[in-house]
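Q: sequence and computational prediction follow.
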Amino acid sequence: RMSLAGLRLWVTRPRQQADALIALLKDAGAEVAALPLLEIAPTKNPAPLDAALASLESFDLAIFVSPSALDAVCERLLSPWPEKLAVAVMGPGSLRRAHELGIKTIISPQGQFDSAGLLQLPQMQNLAGRRVVLFRGNGGRDALPRTLTGRGAELTLVECYRRLPPAFDASRLEAEFGRGCDGIVVSSSEAVHYLFRLAGGQTLQRLQSSLYFAP
């Protein structure tokens, strides 16, 4: 198999989601710098989340936008997930987490791992009269909720976690460049936004000239 020996890679995923990837890269020989560009924190007001969890049996479908949403729900869920409540997720990470939580019925795209891929599935077409709860972070995009309601869903939006800017500044980037950077792993456009907003001058030029790995 391919060796990454001698390469120093930056992994910018949130710290709660980075361990598995970091372990794989290290196993392949890479040196890894963990630079989380998003911090995941609990929602400021958990009351709507608790209310939704208390009435899970009344929903026909639950949608999770990310593994972070699944983790946030798992932390506050006081009973097993209802067997009859189907769950829809978008990517392999969320699919694995849903299985770990013991969820039986899971809807997930096989190729395009985003909201557009999910919305193409047959189960997501005719939602007229169906009660759907969407668990997401703060400031989520409107395209998914808009499409769900357009297809007739009775939609409940629930903020279950917050995405916050990184907890370091430009000096940390400069220091990491001094130690070496053979590639940067990024997992979201929001993370890239924070990365380039941090930097200026020569550091910005080095970021623009770096190699990136993105899903």
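A: Nice, I can see it.
Q: pLDDT weak spots in the protein?
A: For the chain, the stretches flagged by pLDDT under 70 are 1.
Q: so which residues of it form helices?
A: For the chain, the helices defined by DSSP state H cover 15-27, 47-54, 67-76, 92-100, 115-119, 143-150, 170-179, 189-198, 201-208.
Q: among the ones you listed, which is nearest residue 162?
A: helix 67-76 (9.4 Å; Cβ to Cβ). C-beta: built from backbone N, CA, C; applies to glycine.
Q: just name the most buried of the helices of the chain.
A: helix 67-76 (a mean of 20; mean count of other Cβ atoms under 10 Å).
Q: what number of residues lie near residue 82?
A: 15 (other Cβ atoms under 10 Å).
Q: who touches the residue positioned nearest the centre of the chain in this structure?
A: The structure's the chain has its C-alpha centroid closest to residue 66; by Cα atoms, centre = their mean the separation is 3.8 Å. The contact partners of residue 66, by Cβ atoms under 8 Å, 6 or more residues apart in numbering, come to 90-91, 93-94, 136-137.
Q: out of those residues, who's nearest residue 126?
A: Nearest to residue 126 among the contacts of residue 66 is residue 90, at 19.8 Å by Cβ to Cβ.
Q: unless I'm mixing things up, that closest one is touching residue 109, no?
A: Yes - in this structure, residue 90 is within contact of residue 109 by Cβ atoms under 8 Å, at 6.7 Å.
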